[in-house]
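Student: Below are the sequence and a predicted model for it; my questions follow.
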Amino acid sequence: MMHDRYDNPISTTSEKARDAYIEGVDALLSANAGAELAFQAAIDADESFALAYAALARACQISGRGFEATESIAKAESLSDGASTRELSHIAMLGHLIGGRGADAVASARAHVMEFPRDSMIVQPLTSVFGLIGFSGLAGREAEQLAFLTTLASSYGDDWWFNCQFAFAQVEVGQTDRAWNTITKSLDGNPRNAHAAHIRTHIHYERDDARAGLIYLTNWYKDLDRTAVLHCHITWHLALWNLEFGNAEQAWAYIDDGVRPSKAWGPALNVMTDTVSFLHRAEMCGEVVDVGRWHEVSEYALKFFPNPGFTFADIHAALAHAMVGETDALGRLISDAKGPAADVVAKLAEAFQAFVAQNWQAVIAHLTPVMSQHERVGGSRAQRDLIEFTMLAALMKLGRSDDARLMLAMRRPMKADYGVSIGLG
C-alpha cells in the first residue's frame with residue numbers, strides 16, 4: 001500500500017503517481033508554483049487515482065478556476081469505488097467545499113480530522129485568515145482558529161506546513177513570541193515555503209519590526225515564481241513597507257509589476273483587495289493617486305465580485321466604488337449586503353462613501369459601531385488596519401489628534417510609526 005507524506009494510505013499502485021501527488025500537495029501547501037502540473041502528472045501515471053483529481057480540483061479552486069475545479073471533483077467522485085473510508089470522506093469534504101456548501105464543508109472537515117488528523121489537505125481549508133474559519137463571519141473566529149489548530153499540534157510535531165499555519169493563528173491573537181518560535185521551526189523545515197515567509201512577514205509587522213521584515217522579505221522574494229499563488233500578496237507587503245519607509249517610487253513599482261489588475265497574476269480576491277488597500281493607504285500617506293487606478297480596480301471588482309455576499313471582497317469593492325462614484329454598485333453593498341457579517345459590510349460601505357464625501361463626522365459615526373467587531377469581515381489584523389487607519393484619518397481631519405493618538409495607543413500600539421506617516425506627529 002502506498003502512503004502520502006503524512007503516512008495516510010492512498011489508493012494507487014503507481015510509485016510515479018504517488019511521488020507526483022506528494023510533490024503537488026507540498027507545492028499547494030507551500031503556495032508555490034507547480035501544484036497543478038504535479039497533480040496532472042499523478043493522473044497521467046494513474047488515471048484511476050481519485051485523490052489526485054480531488055487535489056487538482058482544490059488547486060484549481062484556489063486559483064479561481066471554478067469550472068475546472070467542478071469538473072475535476074466530479075471525476076474524483078466517479079472514481080471513488082474501492083476507495084478507503086478516509087479517501088471517501090476526503091473527497092466528500094472537498095466536494096462540499098468546491099460546491100460552495102461552506103457549512104457542510106466545515107462540519108465534514110471537523111468530523112474527518114477527528115479520525116484522520118494528519119490529512120493535511122482537509123485541515124488546510126480550515127486554516128489561515130482566508131479559510132473556512134477565517135471567513136466564517138463570526139465573532140471570535142481568531143480564537144477559534146487557534147483552538148482548532150492547538151488540538152492538532154501533537155499530531156503534526158515539527159511539520160513545516162502545520163507550523164506555519166499554527167504560527168499565523170498565534171500571531172493573529174497577539175502571541176507574537178510564540179508565533180516567532182513556531183515560524184522559525186517551519187522555515188527551518190522548508191525555507192522556500194511561501195506561506196511561512198508570508199506569515200513571518202506578519203509577525204514582523206505585529207512586532208513593529210518593519211525594517212528587519214523588509215530586509216528579509218526583499219531577499220526572500222527574489223526567487224519567488226511569478227505564478228506562485230502568493231506572488232501578488234507578498235508583493236503587496238513589500239509595497240506597503242516601502243511606502244512606510246518613504247520609498248514611494250519602489251512601492252509603486254511593486255504595485256505596477258505584481259499587484260494591480262492589469263499586471264498581476266493571482267487569485268482575483270488578492271488582486272482586488274490588495275490593490276484597493278494600497279491605493280487607500282497611499283492616499284492617506286499623502287500620495288497623489290491617479291483616479292484611473294481607482295476606475296481600473298472598481299471595474300475589476302464589478303467583473304469578479306458583481307454581487308454582494310463575499311464579505312472581505314465586498315468591503316474593498318465598496319471602497320473602490322465609492323472612490324469613482326459607482327453609486328449603483330455601492331448602493332447594493334449598503335442595502336443588499338449578505339452573509340453573517342452583512343451588518344458590518346453595510347456600515348463600512350457607508351463609512352467609505354462618507355470618506356469620499358469628506359464628511360468626517362459621518363465616517364466616525366459609521367465606523368464606531370464596528371470597530372470592536374471588524375474581525376468578522378475576515379482577513380488578517382494587518383489587512384484590517386485599513387479600517388483602523390480610516391478612522392484615524394477621519395479623526396485627524398477633524399483636528400482631533402489627541403483622540404487619534406489615544407485610539408492608536410489603545411487599539412494598535414505597535415503601529416505608532418504609521419501614525420506619524422498620516423500626520424499624528
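Tutor: Cool, got the structure. Residues are numbered from 1 along each chain as shown.

Student: doesn't residue 286 make contact with residue 248?
Tutor: No: look at residue 248 against residue 286 with Cβ atoms under 8 Å: they stay out of range, at 9.2 Å. C-beta: built from backbone N, CA, C; applies to glycine.

Student: From the chain's centroid, how far away is the helix or strand hosting residue 243?
Tutor: For residue 243, the host element (DSSP states H and E) is helix 231-244. How far helix 231-244 lies from its chain's middle: 14 Å, per Cα atoms, centre = their mean, to the nearest Å.

Student: Also stretch 199-215?
Tutor: The answer for stretch 199-215 is 17 Å, by Cα atoms, centre = their mean.

Student: what about it, how long is it end to end?
Tutor: 15 Å (Cα to Cα, to the nearest Å).

Student: which residues touch that stretch?
Tutor: 164-165, 167-168, 171-172, 174, 176, 179-180, 183, 186-187, 216-217, 234, 237-238, 241-242, 244-245, 380-382, 414-417 (Cβ atoms under 8 Å, 6 or more residues apart in numbering).

Student: again, only this time at 7 Å
Tutor: 164, 167-168, 171, 176, 179-180, 183, 187, 216-217, 237, 241, 244-245, 380-382, 414, 417 (Cβ atoms under 7 Å, 6 or more residues apart in numbering).

Student: Any of those buried? List them.
Tutor: Burial by neighbour count, judged by 16 or more other Cβ atoms under 10 Å, picks out 164, 167-168, 171, 176, 179-180, 183, 187, 217, 237, 241, 244, 380-382, 414 from the contacts of stretch 199-215.

Student: quick one: residue 41 from residue 94, how far?
Tutor: 19 Å (Cβ to Cβ, to the nearest Å).

Student: So between the two, which is more surrounded?
Tutor: When residue 41 is set against residue 94 and neighbours are counted by other Cβ atoms under 10 Å, the residue ahead is residue 94, at 28 against 18.

Student: which one is that one nearest to, not counting chain neighbours?
Tutor: Excluding its sequence neighbours, the residue lying closest to residue 94 (Cβ to Cβ, 6 or more residues apart in numbering) is residue 54, at 5.0 Å.

Student: Surely that neighbour and residue 75 touch.
Tutor: No: assessed by Cβ atoms under 7 Å, residue 54 is found out of contact with residue 75, at 8.7 Å.

Student: sorry, back to before: okay, residue 248 and residue 286: which has more neighbours?
Tutor: Comparing residue 248 with residue 286 by other Cβ under 10 Å, the one with more neighbours is residue 248, at 15 against 10.

Student: Make sure the more buried one is actually in contact with residue 289.
Tutor: No: with contact defined as Cβ under 7 Å, residue 248 does not reach residue 289; the gap is 11.1 Å.

Student: Just confirm residue 55 contacts residue 26, I think it does.
Tutor: No: judged on Cβ under 7 Å, residue 55 makes no contact with residue 26 at a distance of 11.2 Å.

Student: who's more crowded, the two?
Tutor: More crowded of residue 55 and residue 26, by other Cβ under 10 Å: residue 55, with 27 against 19.

Student: what sits against the more buried one?
Tutor: Residue 55 touches 21, 24, 25, 39, 121, counting by Cβ under 7 Å, 6+ apart.

Student: starting at the chain centroid, how far to stretch 310-322?
Tutor: Per Cα atoms, centre = their mean, the centroid offset for stretch 310-322 relative to its chain is 15 Å.

Student: Please apply the same query to stretch 117-134.
Tutor: That offset, for stretch 117-134, works out to 12 Å (Cα atoms, centre = their mean).

Student: now what about it, what contacts it?
Tutor: Outside stretch 117-134, the residues that reach it (Cβ under 7 Å, 6+ apart) are 6-8, 25, 29, 55, 58, 86, 90, 93, 97, 102, 105-106, 109, 112-113, 141, 144-145, 148-149, 152, 155-156, 161, 165, 168, 172, 378-380.

Student: can you pull the pLDDT of the spatially most central residue of the chain?
Tutor: In the chain, the C-alpha nearest the mean C-alpha coordinate belongs to residue 130, at 4.2 Å (Cα atoms, centre = their mean). You'll see residue 130 listed with a pLDDT of 95.

Student: what does the one 4 residues further on give?
Tutor: Among the per-residue scores, residue 134 holds a pLDDT of 96.

Student: returning to what we had before: look at residue 54 and residue 75 and report which has more neighbours.
Tutor: residue 54 (27 against 17).

Student: for the record, mean pLDDT for the strand or helix carrying that one?
Tutor: Element membership for residue 54, per DSSP H and E: helix 50-62. The pLDDT scores in helix 50-62 average 97.
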